[in-house]
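Output the structure for:
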Amino acid sequence: MPSTWRTILAVPEPALPAGHNGRISAPSKTTSHHHNHMRLALFQPDIAQNTGTMLRLAACLGISVDLIEPCGFVWSEAKLRRAGLDYLDHVDLRRHTSWAAFQRDRDPTRLVLLTTKGDVALPHFKFRADDTVMVGRESAGVPDKVHEAADARVVIPMRPGLRSLNVALAAAIAVAEALRQTGQWPQLVEQPVEQEVEVAP
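Residues are numbered from 1 along each chain as shown. Purely as a prediction, here's the structure:
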């Protein structure tokens with residue numbers, strides 16, 4: 001893994017220099033790594049394994065990620081290696097030091113919040129190609145100010161009596177539906193057909 005990644009991922013949650021805009025961006029990727037317009041925002045995640053799983057999801061599906069800090073864990077290679085670090089070289093990742101920094105620096109597109117308090121069910125919601133899909137903290141979701149800032153609040157329908165899905169599963173379900181609706185699923189690469197080789201007697 002390039003040393004530049006290690007430098008960025010090792011940044012603690014430190015005091016930043018005066019005048020810093022609050023965003024810690026990953027180094028730009030080579031043009032061979034295609035990313036869709038869709039983004040996935042993680043609001044102050046609590047659990048490293050879930051975060052790693054969602055970063056892996058983003059890498060595999062070509063989704064850009066906004067990580068809104070502070071996290072509930074120390075951001076380090078060791079914490080994320082098991083779930084997703086090996087895929088970080090393929091993720092367009094922006095780290096924001098706070099909700100205010102994210103609001104200031106994010107792209108001016110719709111913010112679609114996944115929440116159990118949503119007012120529209122996922123199967124009935126119409127995604128746009130440049131939406132930012134947001135998931136909240138495992139322990140507490142998102143505060144009222146984030147609910148109020150969202151352009152849409154979407155709920156994944158579930159059987160009665162069950163509380164919620166794992167946040168990484170919820171993100172995967174919503175992102176998959178968003179990519180399906182907007183035609184942004186990665187294209188399969190055709191594999192060469194194996195041919196039988198006759199061996200002379």
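
contacts, neighbours, all on C-alpha from now
OK.

The most centrally placed residue in the chain sits in which helix or strand?
Closest residue to the average C-alpha location of the chain: Leu40 at 3.6 Å, with C-alpha atoms, centre = their mean. Remark: Leu40 resides in strand 39-43, with elements defined by DSSP states H and E.

in whichever helix or strand comes after that strand, what counts as buried?
Under the assignment DSSP H and E, the closest C-terminal helix or strand after strand 39-43 is helix 48-61. For helix 48-61, a neighbour-count test (16 or more other C-alpha atoms under 10 Å) marks 48-59, 61 as buried.

Could you pull out the buried residues of the helix or strand harbouring Arg180?
Per DSSP H and E, Arg180 falls inside helix 167-182. Neighbour counts over helix 167-182 (16+ other C-alpha under 10 Å) mark Val167, Ala168, Ala170, Ala171, Ala172, Ala174, Val175, Glu177, Ala178, Leu179 as buried.

cool, and stretch 88-107?
88-99, 101-102.

For these, give me a markdown table that also has distance to Gly136.
Output for the buried residues of stretch 88-107, formatted as a markdown table (distance: C-alpha to C-alpha, whole Å):
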| residue | distance to Gly136 |
| --- | --- |
| Leu88 | 21 |
| Asp89 | 24 |
| His90 | 23 |
| Val91 | 20 |
| Asp92 | 20 |
| Leu93 | 17 |
| Arg94 | 17 |
| Arg95 | 15 |
| His96 | 15 |
| Thr97 | 16 |
| Ser98 | 14 |
| Trp99 | 12 |
| Ala101 | 16 |
| Phe102 | 14 |
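
other SSEs contacting the helix holding Arg180?
helix 48-61, strand 132-135 (3 or more C-alpha pairs under 8 Å, 6 or more residues apart in numbering; DSSP states H and E).

The longest one to helix 167-182, inter-axis angle?
Put plainly, it is helix 48-61. Relative orientation of helix 48-61 versus helix 167-182 (axes from the mean of the first three to the mean of the last three C-alpha atoms, to 10 degrees): 20 degrees.
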